[in-house]
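Undergrad: My questions are about this predicted structure, shown below with the sequence.
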Amino acid sequence: MNYAGRMNSFIFKGQNVFDAIEAYHGMNGITHLEFNYPEHIVGYDLDKIKEKIGDLKVNGLAVRWRDLFTNGNFTNPDSQLRSKAIQLCKEATDVCKELGGSVITLWLENDGFDYPFQMDYEKAWMQMIEAFQEIADYAPDMKYSIEYKPFEPRNFSLVDSVGTTLLLIEKIDRKNVGCTFDFCHMLMKHDSPAYGLALAAHMGKLFGLHMNDGYSQMDSGMIFASVNLAHAVEFIYYLKKYEYDGIVFFDTFPIREDAKKETQANIDSFQKICDLVDKIGMEKIEQVVSKCDGISAQRLVLDMLK
Ligand SMILES: [Mn+2]
């Protein structure tokens with residue numbers, strides 16, 4: 001598997017982008033880097049960033065709209081801000097290409113609503129579709145990946161589940177638009193992580209992963225498989241079944257933990273479960289799944305722990 005970690009795990013502890021890249025060089029298993037745009041790029045010398053990246057590869061960039069766009073990104077009621085939000089994605093695309101990356105991840109942070117009667121839903125839905133079509137057509141050779149989150153910072157997000165994400169992707173109708181699933185966001189929505197994965201992968205639309213774990217009430221950003229071990233094992237089984245060959249990005253928040261050790265713990269955890277699945281064998285798991293039986297399913301999990 002190809003692994004990447006979160007820059008802000010280091011930056012939020014007072015280090016800069018260069019320090020974070022340096023830290024990732026020293027980790028066992030990290031193959032790729034991911035940057036937020038503009039925050040990790042603008043204000044830095046791009047050539048110096050490239051030099052620091054060295055023999056690591058860049059998977060892609062994630063657009064962050066932040067303060068100016070609290071009323072919406074692609075659905076901002078101010079048409080100038082809406083255009084600016086789309087423009088930011090195009091700029092990110094250009095930088096991403098220059099860094100050798102291939103995926104722009106779009107978490108639609110501000111596209112949502114808080115009050116009943118605050119939003120014309122059909123208008124907003126159409127604005128989302130049109131914005132994605134414009135961006136996808138800007139660079140057909142770039143992948144654009146939608147990361148849903150059910151709520152926060154808005155009380156309701158427009159793209160809030162596996163279902164709305166896949167419907168939106170169908171409506172956008174562009175080859176280069178797919179999705180990134182964030183494990184915690186799936187748990188927050190009470191979406192089954194593996195079920196969502198299977199549907200998206202079956203459609204050829206699984207472009208990225210944000211692996212982490214949590215208790216579902218908030219975006220906990222905990223170490224992968226630290227809370228929901230069985231969900232994690234099932235998730236990896238389906239990744240293997242659909243031969244996922246993208247990047248495994250760990251979107252975790254080591255606020256109290258050492259960032260380097262925490263990232264390594266994520267990689268080790270993911271790799272260990274991959275090994276467990278291999279050991280028990282895909283065929284054996286498939287046989288159990290085909291029984292549609294809860295007791296056999298739980299026996300399988302226990303057998304893996306032997
Ligand atoms: Mn995420």
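TA: Cool, the structure landed. Note that the structure is a prediction, hence the values are computed from the model and not measured.
Undergrad: Assign a three-state SS to Val159, would you?
TA: Under the three-state scheme (DSSP: H, G, I helix; E, B strand; the rest coil), Val159 adopts coil.
Undergrad: Can you name the residues that contact the closest residue to it other than its chain neighbours?
TA: Take Val159 and drop its neighbours on the chain: the residue closest to it by CB to CB, 6 or more residues apart in numbering is Tyr148, 4.6 Å away. (C-beta placed from N, C-alpha, C; glycine too.) With contacts defined as CB atoms under 8 Å, 6 or more residues apart in numbering, Tyr148 is in contact with 107, 157, 159-162, 164-165, 179, 181-182, 185, 189.
Undergrad: Which of the residues you listed sits closest to Met27?
TA: Asp182 (21.2 Å; CB to CB).
Undergrad: what sits against the closest one?
TA: So Asp182 contacts Trp107, Glu147, Tyr148, Lys149, His210, Asn212, Asp251 (CB under 8 Å, 6+ apart).
Undergrad: Report the beta-bridge partner residues of the residue of the stretch 51-200 of the chain found nearest the ion.
TA: Per CB to the ion, Asp182 is where the stretch 51-200 of the chain lies closest to the ion, at 3.7 Å. Under the criterion DSSP bridges, Asp182 forms beta bridges with His210.
Undergrad: Against Glu22, how distant is Leu305?
TA: 37 Å (CB to CB, to the nearest Å).
Undergrad: For the stretch 1-150 of the chain, which segments are assigned as helices?
TA: Using DSSP state H, counting those that start in this stretch, the helices of the stretch 1-150 of the chain run over 8-11, 17-25, 46-53, 79-98, 121-138.
Undergrad: quick one: terminal-to-terminal distance for stretch 245-255?
TA: Distance between the two ends of stretch 245-255: 30 Å, counting by CA to CA, to the nearest Å.
Undergrad: for the record, mean pLDDT for it?
TA: Mean pLDDT, stretch 245-255: 97.
Undergrad: Any idea how many residues pack against Cys292?
TA: Number of residues near Cys292 (other CB atoms under 10 Å) recorded here: 8.
Undergrad: And Gly29, by the same measure?
TA: Gly29 has 17 nearby residues by other CB under 10 Å.
Undergrad: That one contacts Lys272, correct?
TA: No: the criterion here is CB atoms under 8 Å, and Gly29 misses it with Lys272 at 11.6 Å.
Undergrad: Where do the strands of this structure begin and end?
TA: 2-4, 30-37, 57-63, 103-107, 112-113, 143-147, 156-157, 177-182, 206-211, 247-250 (DSSP state E).
Undergrad: Now render those strands as a markdown table, adding distance to Ile267.
TA: Rendered in a markdown table, the data for the strands of the chain read as follows (distance: least, CB to CB, whole Å):
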| stretch | distance to Ile267 |
| --- | --- |
| strand 2-4 | 5 |
| strand 30-37 | 7 |
| strand 57-63 | 15 |
| strand 103-107 | 20 |
| strand 112-113 | 33 |
| strand 143-147 | 21 |
| strand 156-157 | 29 |
| strand 177-182 | 17 |
| strand 206-211 | 10 |
| strand 247-250 | 7 |
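Undergrad: Show me the one of those that comes nearest Arg299.
TA: Closest to Arg299 of those is strand 206-211 (CB to CB; 25.9 Å).
Undergrad: average pLDDT across the closest one?
TA: 98.
Undergrad: Same question for stretch 145-165.
TA: 98.
Undergrad: Spell out which parts of the stretch 51-200 of the chain neighbour the ion.
TA: Within the stretch 51-200 of the chain, the positions adjacent to the ion are Asp182 by CB under 5 Å from the ion.
Undergrad: Now Lys284. Nearest residue, chain neighbours left out?
TA: Leu300 (7.8 Å).
Undergrad: and the gap between that neighbour and Gly281?
TA: Per CB to CB, Leu300 is found 11 Å from Gly281.
Undergrad: Which of those two has more residues huddled nearby?
TA: Taking other CB under 10 Å, Leu300 and Gly281 do not tie; Leu300 has more neighbours (20 against 10).
Undergrad: ok, that one - contacts?
TA: Per CB under 8 Å, 6+ apart, neighbours of Leu300: Ile280, Lys284, Ile285, Val288.
Undergrad: redo that, cut-off 10 Å
TA: With contact taken as CB atoms under 10 Å, 6 or more residues apart in numbering, Leu300 is in contact with Ala230, Val233, Glu234, Tyr237, Ile280, Lys284, Ile285, Gln287, Val288, Val289, Lys291.
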